[in-house]
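# Got a predicted structure here, sequence first:
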Amino acid sequence: MAWYDEAVFYHIYPLGLTGAPKQNDYGEPVHRLNTLVPWIDHLKKIGVNALYIGPLFESVGHGYETTDYKKLDSRLGTNEDLTNFVKKCHDAGIRVILDGVFNHTGRDFFAFKDIREKREGSAYRDWYCNVNFYGNNEYNDGFSYENWGGYNLLVKLNQRNPAVKDYICDVIRFWVKEFDIDGLRLDAADVLDFEFMKDLRRTADSVKPDFWLMGEVIHGDYSRWANANTLHSVTNYTLHKGLYSGMNDHNFFEIAHTIRYTNGMISRAIRLYNFVDNHDVERIITKLKNKAHFTPVHIMLFTLPGIPSIYYGSEFGIEGRKEQFSDDSLRPYIDLKEHAKDYEKNPCTKLITALGRIHKEYRQDLTSEDYRELCLTNRQFAYGRGRLVVAVNNDDNAAEINVPAADGEYIGLLYGEKLTASGGRLQIRIQPNNGEIYAPAEGGKAKSSKLSVTEIKTAGPDAKEEQKASEKKPEQKSAEAKAPGQKSAGAKAPDPKTAEATKSGQKPDEKKKQERTKQEKAQKETVPVPDIPYEEMTVEQLQAVILAKMAKNGPVTDQMRKDVEDNIWHNSLVNWANSFR
């Protein structure tokens, strides 16, 4: 079995975690990557054995506008820093994969700069898609080009150009030789050319045994990307959505259906990359209406088919809300020293640590192709993985369930409860908004983490206070220390009307917001959809198509509608529309 099939991943967005400046001045390297070395020991403590870290290479701002694929971002340090960091991870038994941002480059990338300088005479004029020297753009280049996501800051590479393919494959070989990495997460894989991905797979197979390619795919039939010819795995956004919305709606049927759907979509030998939050979506504890559901959600994350991943900081129970035009709150600076006591005192950290240990000790069961539904209601769900029985409850009351199980003694791996199965049945009492993983006692070999049921109840009551301190960047803390009480840069003074309304318990402009939302929904539902290929439709038309297709399959919930309306990426919507059968 390959290393990635048994992996528990930790995901780091390094520019955020290290508190790097938002914009790159391309000055002298600042060795911020070295500040992440203590995190390696943290990963070991919570049971992680693989790290996805990125983006890392020289860029303009958020990291995905690459300007040099062969140079560590100067805000993070030097290539030597990255080489040493990966070696320290390997010494600790932790594999490392990086972000491969190959769909587009930044405007400061050498090939694009050459086009700006030499125009039609540039040897790189065909490195990018649809370069039109009769057009123009907001940068007044005197030509136009195809971008990604509507942003001319991100220039779309022509992946069918053999020179581009050779260059990117050479980059992968360089990263393996220079840094000894173990794999790549391909950014925006759902819009990568399939022949291009096949070339990447051939390169991956040649550079290192078990070199892993995992792609970022939002919607569609995952088997198109994850197979023997293209990628080893893709991001399981389908399960991500099912987990939090199923919990919020007290609907385990949605989660069970999602598992059946994805299991039927791909080969059982392929393990999808499972997560409950990442650098692009809100923190799980923010999305959950009942914070206590943090526990059953993570029990499922670690025990359902697939490869579990924890986004940095979520093991401490920190919040993170997606804001308009900014993902800063999703990508905070965190001082690890401020969480030194969390291993003993923070229920969220203790839970993740226990689940990491269980995944390691029972990896044979949890990485097998075996998955069996044992009990399913709106509020209770139980399933089998190998010898294990997993049971979760999203109700505020305890629940009794009776499930099929091999006769014998069982022990709860989280809380230590001992049960006996007889007549092929196991009677389980699941605590409110909680869950348990039962393993055969096998002569006392099974060990319990002996967590307290009551301490998980609120999923880390003091996590929010710790987050307030940990999210501040070093320069922010310094400024506050020098000027106590002074508002941080960019902070807005509270509106007196809003403050007064809040005091009286009223929500300002709530009625207007509700009316506006209704109007927007009505507009979406009345968008005329022409009989043309999806590729030629507008974003609004594609959204209307997807909502109509959803309606044919059953009721469209507010959350489903929001998921569609929040997706404004044309290529992603085309793939989504094509995914309906």
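All right, it came through fine. Numbers count the residues shown, from 1 in each chain.

# and the next element down the chain from the longest helix along the chain?
Assignment by DSSP state H gives helix 162-179 as the longest helix of the chain. Once helix 162-179 ends, the next helix or strand along the chain (criterion: DSSP states H and E) is strand 183-186.

# just checking, what packs against that following strand?
strand 95-100, helix 194-207, strand 212-215 (3 or more CB pairs under 8 Å, 6 or more residues apart in numbering; DSSP states H and E). Bear in mind the C-beta positions are built from the backbone N, C-alpha and C, glycine included.

# quick one: contacts for the residue nearest to residue 98 when sequence neighbours are not counted?
Closest residue to residue 98 apart from its sequence neighbours, by CB to CB, 6 or more residues apart in numbering: residue 54 at 4.8 Å. Residue 54 makes contact with 13-14, 63, 98-99, 101, 185 under the criterion CB atoms under 8 Å, 6 or more residues apart in numbering.

# Same question for residue 132.
Counting by CB under 8 Å, 6+ apart, the residues that residue 132 touches are 143-145.

# quick one: which of these is most hemmed in?
The member of the contacts of residue 132 that has the most neighbours, counting by other CB atoms under 10 Å, is residue 145 with 19 neighbours.

# Now tabulate the contacts of residue 132 in JSON lines and tack on secondary structure.
Below are the contacts of residue 132 laid out as JSON lines (DSSP: H, G, I helix; E, B strand; the rest coil):
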{"residue": "143", "secondary structure": "coil"}
{"residue": "144", "secondary structure": "strand"}
{"residue": "145", "secondary structure": "coil"}
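
# Between these, which sits nearest residue 329?
Using CB to CB, the shortest approach to residue 329 within these belongs to residue 145, at 32.0 Å.

# Verify the stated contact: that closest one with residue 131.
Yes - Residue 145 sits in contact with residue 131 when judged by CB atoms under 8 Å, with a separation of 4.9 Å.

# so what's the backbone phi/psi at residue 161?
Dihedral pair for residue 161: phi -80, psi 120, per degrees, to the nearest 10.

# ignore the last one, residue 556
Note on residue 556: backbone dihedrals following degrees, to the nearest 10 are phi -100, psi 110.

# distance of it from residue 562?
In this structure, residue 556 and residue 562 are separated by 10 Å, where distance is defined by CB to CB, to the nearest Å.

# and those two? which has more neighbours close in?
Just comparing residue 556 and residue 562: by other CB under 10 Å the higher neighbour count belongs to residue 556, 17 against 11.

# list the contacts for that one?
Applying CB under 8 Å, 6+ apart, one finds that residue 556 lies in contact with 547, 550.

# what's the pLDDT at it?
Note for residue 556: predicted pLDDT of 78.

# Same question for residue 578.
71.

# for the stretch 451-581 of the chain, what are the low-confidence residue spans?
Counting by pLDDT under 70, the stretch 451-581 of the chain has low-confidence residues at 452-526, 553-554, 559, 566, 568-569, 571-572, 575, 579-581.

# Then the stretch 251-400 of the chain?
Regions of the stretch 251-400 of the chain meeting the criterion pLDDT under 70 are absent.

# for it, what spans make up the helices?
If DSSP state H, counting those that start in this stretch is used as the criterion, the helices of the stretch 251-400 of the chain fall at 252-265, 284-287, 294-303, 342-345, 347-361, 363-366.

# Dump those into CSV; add distance to residue 412 and mean neighbour count as well.
Shown next, in CSV, are those (distance: least, CB to CB, whole Å; neighbours: other CB atoms under 10 Å):
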stretch, distance to residue 412, mean neighbour count
helix 252-265, 20, 17
helix 284-287, 23, 24
helix 294-303, 11, 24
helix 342-345, 21, 15
helix 347-361, 11, 22
helix 363-366, 15, 18
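
# Export the ones you listed as a markdown table, with columns for distance to residue 224.
Rendered in a markdown table, the data for the helices of the stretch 251-400 of the chain read as follows (distance: least, CB to CB, whole Å):
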| stretch | distance to residue 224 |
| --- | --- |
| helix 252-265 | 10 |
| helix 284-287 | 28 |
| helix 294-303 | 25 |
| helix 342-345 | 41 |
| helix 347-361 | 29 |
| helix 363-366 | 26 |
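
# nearest to residue 277, of these?
Nearest of the helices of the stretch 251-400 of the chain to residue 277, taken as CB to CB: helix 284-287 at 4.6 Å.

# which strands and helices sit next to the closest one?
Helices and strands in packing contact with helix 284-287 are listed as helix 237-248, helix 294-303; criterion 3+ CB pairs under 8 Å, 6+ apart.

# Next, work out how far apart the residue nearest to residue 76 when sequence neighbours are not counted and residue 90 are.
When the adjacent residues along the chain are set aside, residue 76 lies closest to residue 33, with 4.4 Å between them (CB to CB, 6+ apart). Distance from residue 33 to residue 90, counting by CB to CB: 16 Å.

# who has more neighbours, these two?
Neighbours per residue, other CB under 10 Å: of residue 33 and residue 90, the larger number sits with residue 33, 24 against 15.

# My guess is that one contacts residue 77. True?
Yes - look at residue 33 against residue 77 with CB under 8 Å: they come within range, at 4.4 Å.

# quick revisit: wait, which of the helices of the stretch 251-400 of the chain is closest to residue 208?
From the helices of the stretch 251-400 of the chain, taking CB to CB, the stretch that ends up closest is helix 363-366, at 22.2 Å.

# rewinding a little: quick one: the helices and strands packed on helix 284-287 as TSV, columns for distance to residue 223 too.
Formatted as TSV, the entries for those read as follows, by distance: least, CB to CB, whole Å:
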stretch	distance to residue 223
helix 237-248	13
helix 294-303	22
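
# who wins for proximity to residue 67 among those?
Checking those against residue 67 by CB to CB gives helix 237-248 as the closest, at 28.7 Å.

# how about that closest one: buried residues?
237-248 (16 or more other CB atoms under 10 Å).

# which residues are in contact with that helix?
When contacts are taken as CB under 8 Å, 6+ apart, the neighbours of helix 237-248 outside the stretch itself are 217-219, 222, 251-255, 257-259, 261-262, 272, 274-276, 281, 284, 287-290, 293, 296-297, 300-301, 304, 306, 394, 557, 559-560, 563.

# Just the C-alpha atoms of stretch 338-357, please, in CSV.
Once non-C-alpha atoms are left out, stretch 338-357 reads as follows in CSV (Å, rounded to 0.1, in the frame of the first residue of the first chain):
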residue,chain,number,x,y,z
GLU,A,338,-0.1,30.3,22.7
HIS,A,339,-1.6,26.8,22.3
ALA,A,340,1.0,24.9,24.4
LYS,A,341,-1.7,23.8,26.9
ASP,A,342,-4.3,22.8,24.3
TYR,A,343,-3.2,19.2,24.3
GLU,A,344,-4.4,18.9,27.9
LYS,A,345,-7.1,21.6,28.1
ASN,A,346,-8.7,22.2,24.7
PRO,A,347,-11.3,19.5,23.9
CYS,A,348,-10.9,20.1,20.2
THR,A,349,-7.2,19.4,20.3
LYS,A,350,-7.7,16.4,22.5
LEU,A,351,-10.3,14.9,20.1
ILE,A,352,-8.1,15.4,17.0
THR,A,353,-5.1,13.9,18.8
ALA,A,354,-7.2,10.9,19.8
LEU,A,355,-8.6,10.4,16.3
GLY,A,356,-5.1,10.7,14.8
ARG,A,357,-3.9,7.9,17.2
